[in-house]
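A.B. asks: prediction below, plus the sequence it came from.
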Amino acid sequence: MKIIDKIIGNDVELREMSEQASVNAHVSQLVYDARMTAGLSQQELAGMIGTTQSVISRLEDADYEGHSLSMLSRIAQVLNRAVKIDLVPITPHLAEIEGISP
């Protein structure tokens, strides 16, 4: 992460893109891990929430940018889990660039 931070430097647009990519990858990994823990195939999970296997496949793709809270909530419900959302402090470096007090 330090290397990526150094490469991005003060470029706000690149930093935002990097952070969004990180969020997408994290959400995709969460869906995959929860499905695997439940011992379900993509097809089985899709059937449980009334969608198709291809939708689950897209949700598990780190490059997918269309994650929705309602779909994540549906998945969480059938896997007996809860979606947890948190607002965390901005990193000091990003706050400095954007002129925000951390």
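C.D. replies: Looks like it came in fine.

A.B. asks: mind listing the helices for the protein?
C.D. replies: Secondary structure of the chain (DSSP state H): helices at 2-8, 12-37, 42-49, 53-59, 69-78, 92-98.

A.B. asks: in the second one, what counts as buried?
C.D. replies: Just to be clear, that refers to helix 12-37. For helix 12-37, the neighbour count (16 or more other CB atoms under 10 Å) marks 15, 18, 24, 27-28, 30-32, 34-35 as buried. In this view, the C-beta of every residue, glycine as well, is placed from N, C-alpha and C.

A.B. asks: quick revisit: got CSV for the helices of the chain, with mean pLDDT too?
C.D. replies: Formatted as CSV, those follow (pLDDT from 0 to 100):
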stretch, mean pLDDT
helix 2-8, 77
helix 12-37, 87
helix 42-49, 97
helix 53-59, 95
helix 69-78, 93
helix 92-98, 57
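
A.B. asks: and those helices: which comes nearest Asp86?
C.D. replies: Comparison of those against Asp86 by CB to CB identifies helix 12-37 as nearest, at 12.0 Å.
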